[in-house]
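**Q** Fold the following for me, if possible:
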Amino acid sequence: MHDARPIGVFDSGVGGLSVLRALRAELPNEHFLYIADQAHVPYGPRPLNEVRGLAEGITRYLLQQHAKTVVVACNTASAAALHSLRETFPATPFVGMEPAVKPAAEYTRTGVVGVLATPATFQGALYASVVERFARGTRLLEATCPGLVQEIEAGRLNGERARNILAEALQPMLAEGMDTVVLGCTHYPFVIPLIQEITGPDVRVIDPAPAIARQTARVLAAHAISNAPEARGSAAYYTTGSQPEKTARVMGRLLNEEINVRRLYWHRGQLKSA
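**A** Next up, the predicted model:
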């Protein structure tokens with residue numbers, strides 16, 4: 001039996017498209033529903049309880065649209081809500097983001113790893129657990145890159161402000177001997193070329209999206225909910241922001257294809273179709 005229901009994917013904005021891009025490459029036969037909660041972007045500075053409520057509301061909407069599994073394509077939402085989502089929706093398989101500290105600790109030769117993430121990700125128990133399990137003996141240098149998410153949301157991937165934000169974060173790390181950078185926010189893979197310009201070719205940049213895509217494939221197989229392998233997959237896009245046309249242009253640039261974006265809105269903690 002094959003399951004043609006879609007996979008739900010969500011983020012605070014367009015950053016989760018880095019994960020969706022990897023998912024579509026890994027699972028070309030699957031259908032996807034992507035929600036950008038741009039009414040609340042960025043999630044990073046928000047209280048964990050607020051992010052938890054937003055994640056639950058988005059998940060309820062995705063399940064109403066018959067999503068068979070949900071990929072939390074946001075490090076902040078994963079840190080804040082993944083555990084509670086699994087408790088609240090026990091029949092639904094979830095895949096979340098985990099900072100790629102383990103492969104970084106295995107790869108580094110200098111023992112110094114940079115981690116770029118939001119404040120909420122650094123404060124979450126998930127990050128602390130990963131560090132405790134895998135980063136002993138590794139020196140982690142952390143930076144929150146304030147303002148970078150907003151630059152990426154606006155499609156300014158190579159602008160002076162984005163460059164300055166990254167240089168301010170990365171140059172002190174380079175001075176400390178960093179040879180590996182972990183991207184702990186799904187927005188950040190879209191500025192990998194800019195990161196590499198600053199760090200040079202000898203620093204490895206770790207994007208967790210391909211690993212998340214492979215994990216999603218394993219979850220589908222384990223629950224016997226994969227679509228027919230010969231099927232042709234599709235993707236539908238939604239935003240809670242007020243300018244879906246602008247969002248469509250930014251998404252189209254990030255994915256290098258024409259995108260149609262439909263609008264959703266929040267009403268008393270629930271998502272509704274506009």
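**Q** What ranges does the stretch 51-200 of the chain have for its strands?
**A** Assigned by DSSP state E, counting those that start in this stretch, the strands in the stretch 51-200 of the chain fall at 69-72, 94-96, 112-117, 139-143, 180-184.
**Q** For A221, which of those is the nearest?
**A** Set against A221 and scored by CB to CB, the strands of the stretch 51-200 of the chain come closest in strand 69-72, at 11.4 Å. Glycine gets a C-beta too; all of them are placed from N, C-alpha and C.
**Q** returning to that earlier point: is it possible to get JSON lines of the strands of the stretch 51-200 of the chain that adds distance to R21, mean neighbour count and mean pLDDT?
**A** Listed next are the strands of the stretch 51-200 of the chain as JSON lines, based on distance: least, CB to CB, whole Å; neighbours: other CB atoms under 10 Å; pLDDT from 0 to 100:
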{"stretch": "strand 69-72", "distance to R21": "12", "mean neighbour count": "26", "mean pLDDT": "98"}
{"stretch": "strand 94-96", "distance to R21": "15", "mean neighbour count": "22", "mean pLDDT": "98"}
{"stretch": "strand 112-117", "distance to R21": "19", "mean neighbour count": "25", "mean pLDDT": "97"}
{"stretch": "strand 139-143", "distance to R21": "24", "mean neighbour count": "18", "mean pLDDT": "97"}
{"stretch": "strand 180-184", "distance to R21": "14", "mean neighbour count": "27", "mean pLDDT": "97"}
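**Q** The ones you listed into JSON lines, with extra columns for distance to Y61?
**A** Formatted as JSON lines, the strands of the stretch 51-200 of the chain follow (distance: least, CB to CB, whole Å):
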{"stretch": "strand 69-72", "distance to Y61": "10"}
{"stretch": "strand 94-96", "distance to Y61": "15"}
{"stretch": "strand 112-117", "distance to Y61": "26"}
{"stretch": "strand 139-143", "distance to Y61": "33"}
{"stretch": "strand 180-184", "distance to Y61": "26"}
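**Q** Go through the ones you listed and name the closest to L166.
**A** Per CB to CB, nearest to L166 of the strands of the stretch 51-200 of the chain: strand 112-117, 8.2 Å.
**Q** Give me the domain ranges for the protein.
**A** 7-97+210-273, 101-207 (automatic domain parsing).
**Q** Only the buried residues of the helix or strand where L254 lies, if you could.
**A** Using DSSP states H and E, L254 sits within helix 244-255. For helix 244-255, burial by neighbour count (16 or more other CB atoms under 10 Å) applies to 244, 246-248, 250-252, 254-255.
**Q** Packing partners of that helix?
**A** Applying 3 or more CB pairs under 8 Å, 6 or more residues apart in numbering; DSSP states H and E, one finds that helix 244-255 contacts helix 17-26, strand 234-239, strand 261-267.
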